[in-house]
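Q: The sequence isn't on hand, but the structure is:
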């Protein structure tokens, strides 16, 4: 076909379109009219307690104490409800921006991740399509999901591997802590891991005196070792590039200081993680990663609502084929009736309209009334192989200390020191009270026995 015949065909087609009137079916006409009139009329805000699974509650409580979450139930003038959630409630001024608007006004939402999820849930329901179709073509129907835990005693790490693998997970992520020996942990986990199960090691951007390449090489010798996240300070982009050339396992970049732009050009990592990125930002980054053919994942911590949204987004983003974390598997209750459990590490994306979730009002009310006991400050009691005892004060409201104790500027530790740790809870003994008072004054205590 020549350019002239192509243009002639185009002109003919346009003329035909202008001269013909299309009649919508009654169903489509109603949908179009309803969409134009659709408005958000009310946003319910519910703060709920979120109990941990019994078997993992001990270590999670010591790190974080009891957790809570904010759930949004968004109503429209046509009787639909959309579900969203976040770690804490959005300010009133933010929520008010959504009242009176059409959910479709929030395509590519850059204001609130939690409320944006609810808007997409509503859009999908109105359009009669699953949320992933609002982002584009589906690239995959099954999405890789990882489990998560905290760095704790080797025997508890091994128990986590057994528990999560039995539930269908093939990956487990955790942040290394210098209060536990990582090689002891690897030995314990390797002994119980089914073939193919992998560990995702998050080094939280350093803070220890380890020679990173040597440490990663020691960990990599275990078949269970899978990948390393943020092994260097975030601004050391050249260091990431060099480390990637040396390390036998994938390097993942989470905290990209330049928005993953320059980092990707320097080929600083094998894959990228977007943590709690608002929907519009995630869409833009997904385009960047797709153009460069770089794998990535979304890390949005929350319950089944958050997990469902992540599954939908990773189904439609071309290179979002890395395992994601939402930590939903660590909580034993939720406010929706569905549970998104993996099969061989994969979760199937729903084909139901919207997120495909059903609100459980009874459970929502129960969790709103549930009161979980607070975890008081406790003492980290660490014994070195040479007999030295180290004591530190742990505060669940300052959980970062467990993985980055250097933030208190007391001492620089390392991940492979010959040590073992106990959790010393308040026990009303003179010994505990005396050590607690010393730690409040001195910050850290070292004693040679």
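A: Good, I have the coordinates. Model, not experiment: these values are computed from the prediction.
Q: Could you use CA atoms for every contact and neighbour count after this?
A: Fine.
Q: So for stretch 402-414, what gets flagged as buried?
A: Residues of stretch 402-414 classed as buried by neighbour count (16 or more other CA atoms under 10 Å): 402, 403, 404, 405, 406, 413, 414.
Q: what about it, how long is it end to end?
A: Terminal residues of stretch 402-414 are spaced 12 Å apart (CA to CA, to the nearest Å).
Q: from now on call the first residue 227
A: Sure, I'll start numbering at 227, so the last one becomes stretch 628-640.
Q: Could you list the residues in contact with it?
A: Residues from elsewhere that reach stretch 628-640 (CA atoms under 8 Å, 6 or more residues apart in numbering): 289, 401-405, 430, 432-436, 620, 627, 669-670.
Q: swap the cut-off to 10 Å and go again
A: For stretch 628-640, contacts defined as CA atoms under 10 Å, 6 or more residues apart in numbering pick out 288-290, 376-378, 401-408, 428-437, 441, 606, 618-622, 625-627, 641, 668-671.
Q: Check stretch 644-653 too.
A: For stretch 644-653, using CA under 10 Å, 6+ apart, the contacting residues are 284-285, 288, 378-380, 404-410, 601-617, 619-620, 658-659, 662.
Q: circling back to that earlier point, separate out the buried members of the contacts of stretch 628-640.
A: 288-290, 376-378, 401-408, 428-434, 436, 606, 618-622, 625-627, 641, 670-671.
Q: Strands along the stretch 227-376 of the chain, start to end?
A: For the stretch 227-376 of the chain, applying DSSP state E, counting those that start in this stretch gives strands covering 266-276, 293-302, 307-312, 368-370, 373-374.
Q: Quick check: which ranges of this protein have low pLDDT?
A: Residue ranges of the chain with pLDDT under 70: 227-261.
Q: What segments of it are helices?
A: 229-245, 252-263, 283-290, 318-322, 339-353, 380-392, 408-418, 438-446, 463-472, 487-491, 505-518, 530-542, 587-595, 656-668 (DSSP state H).
Q: other SSEs contacting the third one?
A: Helices and strands in packing contact with helix 283-290 are listed as strand 645-650; criterion 3 or more CA pairs under 10 Å, 6 or more residues apart in numbering; DSSP states H and E.
Q: Also compute the angle for the strand it packs on relative to helix 380-392, please.
A: 80 degrees (axes from the mean of the first three to the mean of the last three CA atoms, to 10 degrees).
Q: related to what we said a few turns ago, need the buried ones from the contacts of stretch 644-653 selected in PyMOL.
A: This is how PyMOL selects the buried members of the contacts of stretch 644-653, with burial counted by 16+ other CA under 10 Å:
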select buried, resi 285+288+378+379+380+404+405+406+407+408+409+410+601+603+604+605+606+607+608+609+615+616+617+619+620+658+662
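Q: Okay, and which of the contacts of stretch 644-653 map to strands?
A: Under the assignment DSSP state E, these contribute 604-610, 614-617, 619-620 to strands.
Q: before we move on, the earlier item: closest to residue 501 among the buried residues of stretch 628-640?
A: Distance to residue 501 across the buried residues of stretch 628-640 (CA to CA) is lowest for residue 629, with 17.9 Å.
Q: With mean neighbour count and distance to residue 590 as added columns, please give the strands of the stretch 227-376 of the chain in TSV.
A: TSV is the format used below for the strands of the stretch 227-376 of the chain (neighbours: other CA atoms under 10 Å; distance: least, CA to CA, whole Å):
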stretch	mean neighbour count	distance to residue 590
strand 266-276	19	7
strand 293-302	20	9
strand 307-312	26	12
strand 368-370	22	27
strand 373-374	25	24
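Q: Residue 493 is nearest to which of these?
A: Closest to residue 493 of those is strand 368-370 (CA to CA; 23.5 Å).
Q: who does the closest one pair up with?
A: The strands beside strand 368-370 in its sheet (DSSP bridges) come out as strand 572-574 (antiparallel).
Q: Off-centre distance for the partner strand?
A: Relative to the centre of its chain, strand 572-574 is centred 16 Å away, using CA atoms, centre = their mean, to the nearest Å.
Q: Can you give me the buried ones in it?
A: 572, 573, 574.
Q: Enumerate every residue touching residue 432.
A: Residues counted as contacts of residue 432 (CA under 10 Å, 6+ apart) are 402, 438, 456, 457, 458, 459, 460, 629, 630, 632, 640.
Q: And the fourth one, how close does it get to residue 308?
A: Noted for residue 457: a distance of 39 Å to residue 308, by CA to CA.
Q: do residue 346 as well
A: 8 Å.
Q: Mind listing the shared neighbours of the two?
A: Shared contacts of residue 346 and residue 308, counting by CA under 10 Å, 6+ apart, come down to 329, 580, 581.
Q: Could you report the neighbour count for the nearest residue to the last one once chain neighbours are set aside?
A: Residue nearest to residue 581 in three dimensions, not counting chain neighbours: residue 347, with 5.3 Å by CA to CA, 6 or more residues apart in numbering. Taking other CA atoms under 10 Å as the criterion, the count of residues near residue 347 is 28.
Q: what sits against residue 347?
A: Shown in contact with residue 347 (CA under 10 Å, 6+ apart): 300, 306-310, 329, 341, 355-357, 531, 535, 579-583.
Q: Buried members of those into ChimeraX, please.
A: In ChimeraX syntax, the buried subset of these is picked out as below (16+ other CA under 10 Å):
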select :300,307,308,309,310,329,341,355,356,357,531,535,579,580,581,582,583
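Q: Tell me if I'm right that residue 597 and residue 276 touch.
A: Yes. Judged on CA atoms under 10 Å, residue 597 makes contact with residue 276 at a distance of 9.5 Å.
Q: so what sits against both of these two?
A: Shared contacts of residue 597 and residue 276, defined by CA under 10 Å, 6+ apart, comprise residue 292.
Q: Residue 391 against residue 555, yeah?
A: No. With contact defined as CA under 10 Å, residue 391 does not reach residue 555; the gap is 11.8 Å.
Q: between those two, which one's more packed in?
A: Just comparing residue 391 and residue 555: by other CA under 10 Å the higher neighbour count belongs to residue 555, 24 against 21.
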